[in-house]
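[1] Give the three-dimensional model of this entry:
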Amino acid sequence: MNFQSLGLAPELVRALSDVGYTTPTPIQAEAIPLALAGHDLMGGAQTGTGKTAAFALPVLHRLAQDGPKRGPRKPRALVLTPTRELAVQVNDSLRSYGKHLRLTTATVYGGVGMQPQIEALRRGVDILVACPGRLLDHLQQRSADLSGIEVLVLDEADRMLDMGFLPAIKRVLSALPKARQTMLFSATFEDSIKKLALELLKDPRQVQVTPLNATAASVSHVVHPVDTARKRDLLIDILSKRHTDQILVFGRTKHGCNRLAEQIEKSGIPAVAIHGNKSQAQRLKALRDFKSGEARVLVATDVAARGLDIPLLPLVINYDLPMVAEDYVHRIGRTGRAGASGEAVSLVAPDEGGLLRAIQRLLKAEIAMQEVEGYVPSTGIRMGNDSPSRGRPSGQRPPRRDGAAPRGRRPHGGGGERHAHAGPKGHGPRGGGERRQRVGD
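    Okay, the predicted model is just below:
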């Protein structure tokens, strides 16, 4: 099978050939024909398997086939993303795939001035890629008109429909025509979110080309048990031994990521941090420095867990486990992309056993546990009411609910929320301390 056999416009096939894409991935092969047929669609596949092209190509094909509309050129397709970085990446893909078409794209997100965005919308745009918070600002100022939208796409749909984003999404939906095609794509779909997603779609088709909530088979996983007070030393030890590799390190809080990046720098390893409190210019510079190799380590909150495409990233380290198990899947999805091999290392303190159990239950698999000489914890990892696990694969007993990590959905990511939400008792704000003030801007 090739892209031409899917029925795509010759201009799109030529653009794909220009960048070396000849054979569609499984999610593309299944989703594109359904999207071209005009069906509402919910697509699930592992990160790094080409989900962006699975919706971008049908959108470009449809708008190109229909031709320009009369009157002022209002957006005809809207792609909503939870983070600024993902909005930029989706827009870049649309431009690359559509370079032989006479279609225009624009991005709308926070952290930058509104005036250039207003001017771009005024000139006319065919496809708008937006974060919900800033899009609501444009709707309020009447600088964006969504009455001409024919296709709506929610990228990273599970996160877009969690309780932090949902009010903003509903306000955006109220500004759209009811007669439209709607497509939702994500690597994970929690049951409650999946039920909500289906309520937004009309007679939808579902495509799930990999096991639900699965990670890539090319990624190896390991847990290093370690006392909280020794985590930083173990991390720097690992980074020092992997002196030629670029490494993405995930922390739980913004301030914690800043401190950790500074401490890594003091050890002589170039590092940068990225999180929701950074300005857009700072976030873009940090990513540039990391991708270029000027910085060898990127320390990030879950703002970097979705959408970032870093070629040949060999290792992801969870300095802190995520508060919600689904985020582990997205974090680990930054490595082992496009069939490449990757490693996922988690530094787990004894009191993080409940979070580890929730991840294993989601993956329906154990994660090998390996003690590191010199960093053996003072006590074993406490897996709920099970006996402590130390130096052996965890999850050997049936999982118990009392050991589970907090399962409530919460805002977490790009531009923040308009409302801070308290998390489960004893865990602070939802999203592991990431309090923010705006939704997806």
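
[2] Could you break this structure into its assigned domains?
    Using automatic domain parsing, the domain ranges for the chain come out as 4-208, 219-403.

[3] Mean neighbour count and mean pLDDT added to these, as TSV?
    Where you see a C-beta, it was placed from the backbone N, CA and C, and this is true even at glycine. Shown next, in TSV, are the domains of the chain (neighbours: other C-beta atoms under 10 Å; pLDDT from 0 to 100):
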stretch	mean neighbour count	mean pLDDT
domain 4-208	20	90
domain 219-403	19	83
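
[4] which residue sits closest to Gln280 in space, ignoring its chain neighbours?
    Nearest residue to Gln280, sequence neighbours excluded (C-beta to C-beta, 6 or more residues apart in numbering): Gly111, at 3.3 Å.

[5] My guess is the one you found contacts Ser279. True?
    Yes - assessed by C-beta atoms under 8 Å, Gly111 is found in contact with Ser279 at 5.7 Å.

[6] Pretty sure Ser240 sits in a helix.
    Yes - with DSSP: H, G, I helix; E, B strand; the rest coil as the criterion, Ser240 is part of a helix.

[7] quick one: contacts for it?
    Listed by C-beta atoms under 8 Å, 6 or more residues apart in numbering, the contact partners of Ser240 are 267, 269.

[8] Tell me how far Leu235 lies from Arg361.
    Relative to Arg361, Leu235 is positioned 26 Å away (criterion: C-beta to C-beta, to the nearest Å).

[9] So Asp203, which state does it fall into?
    coil.

[10] Next, work out how far apart it and Pro377 are.
    Distance of Asp203 to Pro377, computed by C-beta to C-beta: 53 Å.

[11] One more: Arg230?
    With the distance defined as C-beta to C-beta, Arg230 ends up 8 Å from Pro377.

[12] Also Glu343?
    In this view, Glu343 and Pro377 are 21 Å apart by C-beta to C-beta.

[13] likewise Thr49?
    Separation of Thr49 from Pro377 (C-beta to C-beta) stands at 36 Å.

[14] Check Pro75 too.
    Counting by C-beta to C-beta, the separation of Pro75 from Pro377 is 54 Å.

[15] for stretch 89-109, how far is the first residue from the last?
    12 Å (C-alpha to C-alpha, to the nearest Å).

[16] ditto for stretch 116-134
    With C-alpha to C-alpha as the measure, stretch 116-134 spans 13 Å from end to end.

[17] so where do the helices sit in the chain?
    Secondary structure of the chain (DSSP state H): helices at 10-18, 26-36, 51-66, 84-97, 115-123, 132-141, 157-160, 166-173, 191-199, 231-241, 254-266, 280-292, 326-332, 353-363.

[18] which helices and strands sit right next to the third one?
    Helix 51-66 sits against helix 10-18, helix 26-36, strand 41-44, strand 77-80, helix 84-97, strand 127-130, strand 151-155, strand 181-186, with contacts defined as 3 or more C-beta pairs under 8 Å, 6 or more residues apart in numbering; DSSP states H and E.

[19] now that helix against helix 84-97, angle please.
    For helix 51-66 against helix 84-97, the angle between stretch directions is 50 degrees (axes from the mean of the first three to the mean of the last three C-alpha atoms, to 10 degrees).

[20] Start the count at 49 instead of 1 going forward.
    Fine by me, first position is 49 from now on; the one you just mentioned is helix 99-114.

[21] so how far is helix 99-114 off the chain centroid?
    Taking the mean of its C-alpha atoms, helix 99-114 sits 21 Å from the chain's own mean (C-alpha atoms, centre = their mean, to the nearest Å).

[22] Check stretch 246-253 too.
    The gap between where stretch 246-253 is centred and where its chain is centred comes out at 22 Å by C-alpha atoms, centre = their mean.

[23] Just want the most central residue of this protein.
    Averaging the C-alpha coordinates of the chain gives a centre point, and the residue nearest to it by C-alpha atoms, centre = their mean is Arg354 (1.6 Å).

[24] okay but that one is in contact with Arg132, surely?
    No - using C-beta under 8 Å as the test, Arg354 is too far from Arg132 to be in contact (11.5 Å).

[25] Let me see the contact set for the residue nearest to Glu400 when sequence neighbours are not counted.
    By the measure of C-beta to C-beta, 6+ apart, the closest residue to Glu400 outside its immediate chain neighbours is Leu369, 5.2 Å from it. By C-beta under 8 Å, 6+ apart, the contact set of Leu369 is 376, 394, 396, 400, 403-404, 407, 453.

[26] what do you get for Phe51?
    The contact partners of Phe51, taken as C-beta under 8 Å, 6+ apart, are 60-61, 64, 69-72, 105.

[27] Among these, which pair sits farthest apart?
    Within those, two members stand farthest from each other by C-beta to C-beta: Leu60 and Thr71, at 14.7 Å.

[28] And the residue lying closest to His87 once chain neighbours are set aside, how far from Gly428?
    Distance criterion C-beta to C-beta, 6+ apart; nearest residue to His87, sequence neighbours excluded, is Arg253 at 4.7 Å. Using C-beta to C-beta, we find Arg253 at a distance of 47 Å from Gly428.

[29] now swap in Ser315 and tell me
    From Ser315 over to Gly428 the distance is 29 Å, taken as C-beta to C-beta.

[30] Ok, Tyr367 next?
    For Tyr367, the distance to Gly428 (C-beta to C-beta) stands at 20 Å.

[31] Equivalent analysis for Arg143, please.
    With distances taken as C-beta to C-beta, Arg143 is found 52 Å from Gly428.

[32] Equivalent analysis for Thr71, please.
    Using C-beta to C-beta, Thr71 is found at 48 Å from Gly428.

[33] Could you do Leu214 as well?
    Here the distance between Leu214 and Gly428 works out to 39 Å (C-beta to C-beta).

[34] and Asp88, what does it touch?
    Contacts of Asp88 by C-beta under 8 Å, 6+ apart are 229-231, 249-253.

[35] about what we covered before: among the contacts of Leu369, which two are most distant?
    Taking C-beta to C-beta as the measure, the contacts of Leu369 span a maximum distance of 13.0 Å, between Ser394 and Ala453.

[36] Can you tell me how far the nearest residue to Thr349 once chain neighbours are set aside is from Met208?
    Closest residue to Thr349 apart from its sequence neighbours, by C-beta to C-beta, 6+ apart: His323 at 4.3 Å. His323 sits at a distance of 20 Å from Met208 (criterion: C-beta to C-beta).

[37] what's Lys412 in contact with, if anything?
    Neighbour list for Lys412: empty [criterion: C-beta under 8 Å, 6+ apart].

[38] Can you tell me how far it is from Phe213?
    Using C-beta to C-beta, Lys412 is found at 27 Å from Phe213.

[39] cool, and Leu128?
    For Leu128, the distance to Phe213 under the criterion C-beta to C-beta works out to 9 Å.

[40] Would you convert the contacts of Phe51 into CSV that also reports distance to Gln113?
    Putting the contacts of Phe51 into CSV (distance: C-beta to C-beta, whole Å) gives the following:
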residue, distance to Gln113
Leu60, 11
Val61, 14
Leu64, 17
Tyr69, 20
Thr70, 22
Thr71, 23
Pro72, 19
Leu105, 12
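
[41] Thank you kindly, that will do.
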